[in-house]
Each structure stands twice: as C-alpha cells, then as structure tokens.
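Engineer: Here you go, sequence then predicted model.
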Amino acid sequence: MKTYTIAEAGANHDQNYDQAIKLIDIAKESGADCVKFQTYSSETLYSKNTPDFANYKNINQLIKDIELPREWQGDLKKYCDLIGIDFMSTPFDEKAVEELCNIGVKCMKISGFESCDFRFVEMVASTGLPLIISIGIGFPTPKLYKIMEICNKYGNLLTLLHCNNAYPTPLNDINLETIKYYKKVCGSAGLSDHTTSTFVPSLAVAMGANVIEKHFTLDKTLSGPDHAFALEPNELKEMIDLIKKTELCLTSKEGAFTDSEKPFISAKRSIVAKTNIKKGDILTTDNITTKRPYLDGNIPAFEFEHILGKPASSDYNIDDFIK
C-alpha cells in the first residue's frame, strides 16, 4: 500500500503569503501527497487567563502573530488544486471547520492536543468527511472506543496517527510499536512525527503506517516557534525518498525467483555422483551428494531424498551430474 505523506507547513508561513505558496511548491517538489496548514485564532484557542508558560510571556499574542490569515485558505486550496497536491488545514474551532468545508477540503485532521476533547471531535466528525486524528499527549488508550463510536455515528473513514507531542520528540520516546495497536483497532494508522529525523517515518511505514505527517520549513533558523524542529526542503525530500524505498522493501514472494535473482540460479546445488556409479546401481548416501552449480536438466538438491533408493539411469563418474 502506498503511504500517504502529509507535509505539515503549519505556522511556518510566518503570515507571508508568498512564503506559504513557496511551502506548497516545496511539498509538491518533494513528492508529498498533501500539504497541510493549521486554522486557529488566538481568541478561540487559549483563554485570556492563560498564565505565562513555555518561555512565552503572552501566549495569546504569540498565536495572533502566527495564525493563518483565514482569507488565504480558498486561494491556497485553489493553488494546490492547480499544481496537483492535496490541500488540508487542521481546524481548531467551529468556524474553521465550516470554512474548510466551504472551500471543499477532502479530509479533516484533528491535532493531538484536541483529540482529547470529544466535544470538538464530534464537531469535526459531524462533517462526515474522512478523519485523520492524532492520538496525542495524555490520551488514555481505553478512551479510543469513544473516538471510534463518534466516527461510526457519522460514518467517517478514520485513520489514527500515533503522536508524541514533545517538540522535538527524542528518539527514545517515539514508541513506534504503538502503530501496530492502532492498525489493529482501526485498520488505518500512521505517525505524526515530531522527531528531527528523516528516517523515523520510514521505520513507521515498516511497522504498518499508511499515513505520515511531518513538519517542514524553508529554513530552521527562521524566527517562528515551529521552524527549529521542522525538516528543511532537502530533508523533506530525503524523508519521502526513504519512505518510497521502504515501500519497495515491503513486498513478499514465495517460491519464484525475482528478476534480480535469475542470473544467480546456477549457484544453487545439484545432485552429483560421489563415487563412480554403474547403470542400475541403487542411489544411496554413499554414492551421491550435492554440489554447485545447478544447470538446466540437473536434479536440484532439494530432490535429494526423493531419488534415494532408485536405480541409476546410466553410468556416472565422480562429480557427474545425476540426470
């Protein structure tokens, strides 16, 4: 199955429209299936009574400084349609849900922090659109049934993303085994990855992930809060290339040779004479053995036990191939 890759632009547009367009171009050039922004407002995301935390003196002002201008959404969607990449934006309030539906998004995403708010989950699910939900910080696994119940109610196609909401996430806390569980309970699962690694997503694909979400930026040194842990353009392309290589490795075969193996068939073993054998002699472990190579018309080594006890069809000298 092809992995659906979401290049998360998030707030890394820095309220610069041309920069937002450039991020879309980079996502397309990197081979991503989707570019995603985030739609929130300082008035609806944090209470005005929020104390200073996380080194931010005023969280409401920070959000106001990085929020996506709502009037861009339609134009960004049209540009994505024009160049052939899916547009998505994570809604964080009821108005955002309505706006995104009105411009014709094909899917809704719920963030890891918001997935713990079943009131909000139901609001998004009521659109009936496919949902991608990050199961984030402090989400009690037994509560997954509630997510499933809500999505069953509205008929949403659901994908659960394993998510660690540390920015960035250290490798020893990524816990990729969780993906197997989400895959089992939901059928469609993936990873919202906040490590700085380009290879962790490909490991997730090997664990069964069919959706990968990853933050990216034009430049890690830009001043916004989400740039430092995001991938730069060359890293985003590297990540997607690694995912594609992983997909190539995840095929399986039984019995038949692959095209690349065919030139090496002769390195297999054939049944050969261990001693001189006369026509009619009974073949035993004393007079036959196996050696390389295997050539057309030879008896392959895995038939060794089947020819024991049978008479030789002709005379053989030592190392002759038994026919």
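Structural biologist: Structure's in. What do you need? Since the model is a prediction, treat every value here as computed from it, not as a measurement.

Engineer: can we go C-alpha only for contacts and neighbour counts from here?
Structural biologist: Noted.

Engineer: First-to-last residue distance for stretch 256-276?
Structural biologist: Start and end residues of stretch 256-276 are separated by 34 Å (CA to CA, to the nearest Å).

Engineer: Return the set of buried residues in that stretch.
Structural biologist: The neighbour-count criterion (16 or more other CA atoms under 10 Å) identifies 269-274 as the buried residues of stretch 256-276.

Engineer: what's the farthest-apart pair in the residues you listed?
Structural biologist: Maximum pairwise distance among the buried residues of stretch 256-276 (CA to CA): 13.8 Å, between 269 and 274.

Engineer: Flag the shaky bits of the stretch 51-200 of the chain, pLDDT-wise.
Structural biologist: Counting by pLDDT under 70, the stretch 51-200 of the chain has low-confidence residues at 53-57.

Engineer: just checking, what's the longest helix in the protein?
Structural biologist: For the chain, the helix that runs over the most residues, judged by DSSP state H, is helix 233-249.

Engineer: what does that helix rub up against?
Structural biologist: The list of residues contacting helix 233-249 from outside it, by CA atoms under 8 Å, 6 or more residues apart in numbering, reads 1-3, 5, 7, 26-27, 29-32, 198-199, 201-203, 205-206, 216-218.

Engineer: Where do the strands of the chain begin and end?
Structural biologist: With DSSP state E as the definition, the chain shows strands at residue ranges 4-10, 34-39, 86-91, 108-110, 131-135, 158-163, 189-193, 211-215, 270-273, 288-291.

Engineer: returning to that earlier point: can you point out the buried residues in the longest helix of the chain?
Structural biologist: Within helix 233-249, the residues that qualify as buried by neighbour count (16+ other CA under 10 Å) are 233, 235-244, 246-247.

Engineer: Likewise for stretch 276-285?
Structural biologist: Of the residues in stretch 276-285, 277, 283-284 count as buried by neighbour count, 16+ other CA under 10 Å.

Engineer: Hmm, residue 170 is touching residue 197, no?
Structural biologist: No - with contact defined as CA atoms under 8 Å, residue 170 and residue 197 do not form a contacting pair (9.5 Å).

Engineer: More neighbours: these two, which one.
Structural biologist: Each of residue 170 and residue 197 has its neighbours counted (other CA atoms under 10 Å); residue 197 has more, 19 against 13.

Engineer: Could I get the contacting residues of the more buried one?
Structural biologist: So residue 197 contacts nothing (CA under 8 Å, 6+ apart).

Engineer: what's the neighbour count on residue 222?
Structural biologist: Applying other CA under 10 Å, we find 13 residues neighbouring residue 222.

Engineer: Tell me the pLDDT of it.
Structural biologist: The score at residue 222 is 96. That number is its pLDDT.

Engineer: do you know how far it is from residue 237?
Structural biologist: Applying CA to CA, the value for residue 222 to residue 237 is 20 Å.

Engineer: Among the strands of the chain, show me which one is buried the most.
Structural biologist: Comparing these on average neighbours per residue, with mean count of other CA atoms under 10 Å, the densest one is strand 189-193 at a mean of 28.

Engineer: helices and strands around it, which ones?
Structural biologist: When contacts are defined as 3 or more CA pairs under 8 Å, 6 or more residues apart in numbering; DSSP states H and E, strand 189-193 packs onto strand 158-163, helix 178-186, helix 200-206, strand 211-215.

Engineer: pull the CA atoms of the longest helix of the chain into PDB?
Structural biologist: Output for helix 233-249, consisting of C-alpha atoms alone and laid out as PDB, is shown next (Å, rounded to 0.1, in the frame of the first residue of the first chain):
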ATOM      1  CA  PRO A 233      13.400  21.100   1.900                       C
ATOM      2  CA  ASN A 234      16.200  18.700   1.200                       C
ATOM      3  CA  GLU A 235      15.400  16.700   4.300                       C
ATOM      4  CA  LEU A 236      11.700  16.500   3.400                       C
ATOM      5  CA  LYS A 237      12.600  15.100   0.000                       C
ATOM      6  CA  GLU A 238      15.000  12.700   1.700                       C
ATOM      7  CA  MET A 239      12.300  11.500   4.100                       C
ATOM      8  CA  ILE A 240       9.800  10.900   1.300                       C
ATOM      9  CA  ASP A 241      12.500   9.100  -0.800                       C
ATOM     10  CA  LEU A 242      13.300   6.800   2.200                       C
ATOM     11  CA  ILE A 243       9.500   6.000   2.600                       C
ATOM     12  CA  LYS A 244       9.400   5.100  -1.100                       C
ATOM     13  CA  LYS A 245      12.400   2.800  -0.700                       C
ATOM     14  CA  THR A 246      10.800   1.200   2.400                       C
ATOM     15  CA  GLU A 247       7.700   0.500   0.400                       C
ATOM     16  CA  LEU A 248       9.800  -1.300  -2.200                       C
ATOM     17  CA  CYS A 249      11.300  -3.400   0.500                       C
END
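
Engineer: Thanks again, I'm all set now.
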